[in-house]
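Visitor: coords please:
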Amino acid sequence: MGKKLKSTLIVVGIIVVIIAIVAGSYNSLVSLEENVTSKWSQVENNLQRRNDLIPNLVATVKGYAAHEREVFENVTNARAKLAGAQGVANTAQADQELAGALNRLLVIVENYPDLKADANFRQLADELAGTENRLAVARKDYNEAVQTYNTKIKRFPTSIWAKIFGFEPKQYYEAAPGAETPPQVDFTS
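Guide: Sure thing, here's the model as predicted:
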């Protein structure tokens, strides 16, 4: 075997190894990005499930507390805002507003013992509670997928391929500012 052939085979071997590394990194990034997309879809599915339950819950409460118009309007407006939200940050903020409006609606329930005893209301409240639990899990799963993805695209040498192929960091699902403070409800006016 000649010296020239040996050199050519070494160069070809190095090129094949580099291509294999790049392809492996690229495929890994694609898989992680698809996982983030899938987890976000689960968050959206659970938000939609909750959104679908709300009209029935509001209608049930209205039957007992028809004079609480402002609270019903707040829930309806917050629900519409969430339905039209785009992107993680806007969705998180709209979700927080809807959660606050729902909390105010559920505070009203405390003033109506017959409503709390209503079988339809209890079933809807149970479904809503279950949906909230699934939503919390979906948010956690989404944020974990984002963490794995963001970590991968920032680590060397994958960061090189991530930049070349246009993989951008994903945004975490974060509560809106002020979410740690419970809403104040005043029924005196």
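Visitor: which secondary structure elements does the longest helix along the chain contact?
Guide: What stands out as the longest helix in the chain, according to DSSP state H, is helix 3-64. Here helix 3-64 touches helix 69-83, helix 87-109, helix 113-117, helix 119-154, helix 158-165, going by 3 or more CB pairs under 8 Å, 6 or more residues apart in numbering; DSSP states H and E. Yep, even glycine has a C-beta here, placed from its N, CA and C like the rest.
Visitor: tally of neighbours for the residue lying closest to Lys62 once chain neighbours are set aside?
Guide: Distance criterion CB to CB, 6 or more residues apart in numbering; nearest residue to Lys62, sequence neighbours excluded, is Phe72 at 6.3 Å. Residues lying near Phe72 (other CB atoms under 10 Å) number 18.
Visitor: quick one, what contacts Phe72?
Guide: 58, 61-62, 105 (CB atoms under 8 Å, 6 or more residues apart in numbering).
Visitor: Lowest average confidence across helices and strands of the chain, where is it?
Guide: Within the chain, no helix or strand scores below helix 113-117, which has a mean of 82 by mean pLDDT, DSSP states H and E.
Visitor: got the buried residues for that one?
Guide: Of all the residues in helix 113-117, those buried under the rule 16 or more other CB atoms under 10 Å are Leu115.
Visitor: Many thanks, we can stop here.
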